[in-house]
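*Asks:* sequence and predicted model, in that order:
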Amino acid sequence: MTFGTNYVILQTTSSSVGPYVLYSCALSSAPTISSAPAGATYLQVPLNATAISGDGLSGFVDRLGHRKYISHISAQLATSPCLAALGAASISYGATTTPSGADFLLGPAVTALVAAETHPLARAEWMYFVDAFYGLQSAPSVFAAAEAQYNCIAGKTSARTSDLPAVAVSAFNSSSLLYYTPDSSYWSKLIVDAGATAIVMPAAGASFAQWAIAVADADALIDLTPADLSYSITGWTKNYAGLVKTSSGYQFLQGDQSTLFRPDARDVVSYDAFPQGRHAQPDLVLADLLYRLAVGFTPYMTPYYFRNLADEYVHATTEKCTDTSAAFTMLLSGQYCNSSSTYTPTIGRFSSSAAATTTAASSSPSSSSGLTPVAAGLITAAAAVLAVVAAVLLALFVVIPARRRARARDATAASAGAFAKMSDDDEGAGGTVELDAVRLRPAPLASVDPPAARDPLAAATEDDLE
């Protein structure tokens, strides 16, 4: 953006978008600008009729408060209550031609430019591009507020440098039957800023066996499998080789306490609101994810985009829009972080139920048990004998066979593909690192065994038992 007196020159890296010379309505005609790029389109702003056909762009117009300028919009992009109630003319989803009656099209070419960014805030910054067509009335203040809240949250979570929860992100490709992570750079950064380690699938996709190895110790899983809004735990079970919320061997599957999330909780006129709102609302998306990972960070926060598939399938009740000209409002007025906010993970290994199990397992006999000193001494002696027997059995049945199983597991891992790890420092060191799968930040667990090898005797052969 190059600013002049009563005009701005707007250029992008795409030959399909711009260049533009946007000049003020204070001018009676287009100015003559010698420095304007060849072939620039001159438009007087604010534009009074905008058509929207590209994903993730209606959220910008909505948050900036420019609904009144929308003349055409695809139905599946009108996913806020007031956009849905706007009554704008319809345009085909993904249309690339500005319809009659519209001054400008926010279409797929602009979507591609936004999606090329990998940082949630870099995507949000495209609100400046959108707002330029309305005279830059709102973007400076709106972006500053979003950036401040996002960075406040990221600053709080980054203070915790060890013992982090791990969050896996995957989707199932029903054609290739492989598991992948769509938009992996974006999700990796979002998860890291929410205070967790990100586990993503290989770019080429992973088999179920590879997926199982990678995610077994994840404290939460975000499922992004393309599906309509009827998708539930039943659909997830079908896509993930018959796993159910009570399946063993996975940290995120704990029955009704499972941490299995999807960001499609908001249903507006039967369309998912997340793809349209997420780029314009990085602060809300981060706060919403953080609520799922650490309940209590933001007082009075409630789930917004992320629902838990382990719960009964219920979409959020969409609030009604009584005035389409009303100012856009954020959940909790956009206040998600303050000086008193503290980050304490509450999922998976960090949940209260996990903590209670650990405490019970490590507790010693209480002096208030009612046992006499003699009885207590006899029990202690018996426990010591049993401990010796257990140690002998452990050596016979676990330690020795484990060496053989380890060799078999190494061979399995070699054939399945390595799941590498990358820290923030690695990411920022420059250069290119190709990984089959990536964990951002040091992983809380050094290695992950295949679920089938978790039972010490599961892989034992007849020779092992001898």
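*Replies:* Yep, it's here.
*Asks:* helix/strand/coil for A171?
*Replies:* strand (DSSP: H, G, I helix; E, B strand; the rest coil).
*Asks:* got the contact list for it?
*Replies:* Y179, Y180, T181, P182, D223, L224, T225, P226 (Cβ atoms under 8 Å, 6 or more residues apart in numbering). Every residue, glycine included, has its C-beta placed from N, CA and C.
*Asks:* between these, which is nearest Q281?
*Replies:* Checking the contacts of A171 against Q281 by Cβ to Cβ gives L224 as the nearest, at 17.7 Å.
*Asks:* looks like the closest one contacts F172 (just checking).
*Replies:* No - with contact defined as Cβ atoms under 8 Å, L224 does not reach F172; the gap is 9.2 Å.
*Asks:* who has more neighbours, these two?
*Replies:* F172 (24 against 18; other Cβ atoms under 10 Å).
*Asks:* and the closest residue in space to that one that isn't next to it in sequence, how far is that from G101?
*Replies:* With Cβ to Cβ, 6 or more residues apart in numbering as the criterion, F172 has its nearest non-adjacent residue at 3.9 Å, and that residue is N239. In this structure, N239 and G101 are 43 Å apart, going by Cβ to Cβ, to the nearest Å.
*Asks:* between these two, which is the more surrounded one?
*Replies:* Remark: of N239 and G101, N239 carries more neighbours, 21 against 10, as counted by other Cβ under 10 Å.
*Asks:* tell me the contacts of that one?
*Replies:* By Cβ under 8 Å, 6+ apart, the residues touching N239 are F172, S174, T225.
*Asks:* what's the pLDDT at it?
*Replies:* Looking at N239, its pLDDT stands at 97.
*Asks:* for the residue nearest the centre of the chain, helix, strand, or coil?
*Replies:* Among the residues of the chain, the one closest to the centroid is W187, at 4.8 Å (Cα atoms, centre = their mean). The local conformation at W187, judged by three-state DSSP, is helix.
*Asks:* which stretches in the stretch 201-350 of the chain count as strands?
*Replies:* Under the criterion DSSP state E, counting those that start in this stretch, strands of the stretch 201-350 of the chain are mapped to 220-223, 260-262, 267-268, 271-272, 307-308.
*Asks:* typo on my end, the stretch 1-150 of the chain
*Replies:* So, for the stretch 1-150 of the chain - with DSSP E, counting those that start in this stretch - the strands run 2-4, 7-10, 20-24, 41-45, 50-52, 70-73, 89-90, 104-106.
*Asks:* in a markdown table, list those strands along with distance to N338 and mean neighbour count.
*Replies:* Below are these laid out as a markdown table (distance: least, Cβ to Cβ, whole Å; neighbours: other Cβ atoms under 10 Å):
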| stretch | distance to N338 | mean neighbour count |
| --- | --- | --- |
| strand 2-4 | 34 | 12 |
| strand 7-10 | 35 | 20 |
| strand 20-24 | 37 | 21 |
| strand 41-45 | 37 | 17 |
| strand 50-52 | 35 | 27 |
| strand 70-73 | 34 | 22 |
| strand 89-90 | 43 | 13 |
| strand 104-106 | 34 | 23 |
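*Asks:* I'd like to know which of those lies nearest to Y150.
*Replies:* Among the strands of the stretch 1-150 of the chain, the nearest to Y150 by Cβ to Cβ is strand 104-106 (23.4 Å).
*Asks:* chain center to the closest one: distance?
*Replies:* 28 Å (Cα atoms, centre = their mean, to the nearest Å).
*Asks:* and that strand, what does it pack against?
*Replies:* Applying 3 or more Cβ pairs under 8 Å, 6 or more residues apart in numbering; DSSP states H and E, we find strand 104-106 packed against strand 50-52.
*Asks:* list the contacts of the strand it packs on.
*Replies:* Strand 50-52 has contacts (Cβ under 8 Å, 6+ apart) with 58, 61, 66, 69-74, 77, 91, 95, 98-99, 102-107, 133.
*Asks:* okay, now the unreliable bits of the stretch 101-250 of the chain?
*Replies:* Applying pLDDT under 70 to the stretch 101-250 of the chain flags no residue at all.
*Asks:* 90 - rerun?
*Replies:* Within the stretch 101-250 of the chain, the stretches with pLDDT under 90 are 228-230.
*Asks:* got the end-to-end distance for stretch 223-231?
*Replies:* Terminal residues of stretch 223-231 are spaced 11 Å apart (Cα to Cα, to the nearest Å).
*Asks:* and M301, how many residues sit next to it?
*Replies:* Using other Cβ under 10 Å, M301 is surrounded by 17 other residues.
*Asks:* cool, thanks, signing off.
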